[in-house]
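Q: pasting a predicted model and its sequence here:
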Amino acid sequence: MATETRTITFSNAEIKEAIGHYCVKTGRITNHASVTGLTFSNDSGLSATFQPTPSSPAVTFKENEIAAAVLLHCKNRGIPIARRSTKSLQVAKDSVMLTLTMPS
């Protein structure tokens, strides 16, 4: 049986924008422009951390929230994502890759 695989690569700037919009939509911050200093970690699962303002505590997202932010970003940008595809995230030095795998 054949399997279709598609990879979409996002720059760090796009991921910052995606997480910023996700934070505004979920009520964590009021302005998506305040997402600065985004860092990723692969210790015990993928996570992303940023500090909304210099005096505020850092906000950390686990892999499922990063995926939700990326999928929302794709929806807002009109990037088609198959519902039944298996989705996975990988982090490279300066990008995040969303891999979609769909059985035929």
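A: Cool, the structure landed.

Q: low pLDDT regions in the chain?
A: Within the chain, the stretches with pLDDT under 70 are 31-34.

Q: make it 80
A: 1, 28-37, 43-44, 51-56, 93-94, 104 (pLDDT under 80).

Q: can you give me the strands for it?
A: 3-11, 39-41, 47-50, 59-62, 86-91, 95-103 (DSSP state E).

Q: turn those into JSON lines, columns for distance to Leu71 and mean neighbour count.
A: C-beta: built from backbone N, CA, C; applies to glycine. Putting the strands of the chain into JSON lines (distance: least, C-beta to C-beta, whole Å; neighbours: other C-beta atoms under 10 Å) gives the following:
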{"stretch": "strand 3-11", "distance to Leu71": "11", "mean neighbour count": "12"}
{"stretch": "strand 39-41", "distance to Leu71": "17", "mean neighbour count": "14"}
{"stretch": "strand 47-50", "distance to Leu71": "15", "mean neighbour count": "18"}
{"stretch": "strand 59-62", "distance to Leu71": "13", "mean neighbour count": "15"}
{"stretch": "strand 86-91", "distance to Leu71": "8", "mean neighbour count": "15"}
{"stretch": "strand 95-103", "distance to Leu71": "8", "mean neighbour count": "16"}
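
Q: need the contact list for Pro103.
A: Neighbouring residues of Pro103 by C-beta atoms under 8 Å, 6 or more residues apart in numbering: Met1, Thr3, Glu4.

Q: could you redo the last one with a cut-off of 7 Å?
A: Met1, Thr3 (C-beta atoms under 7 Å, 6 or more residues apart in numbering).

Q: many thanks, have a good one.
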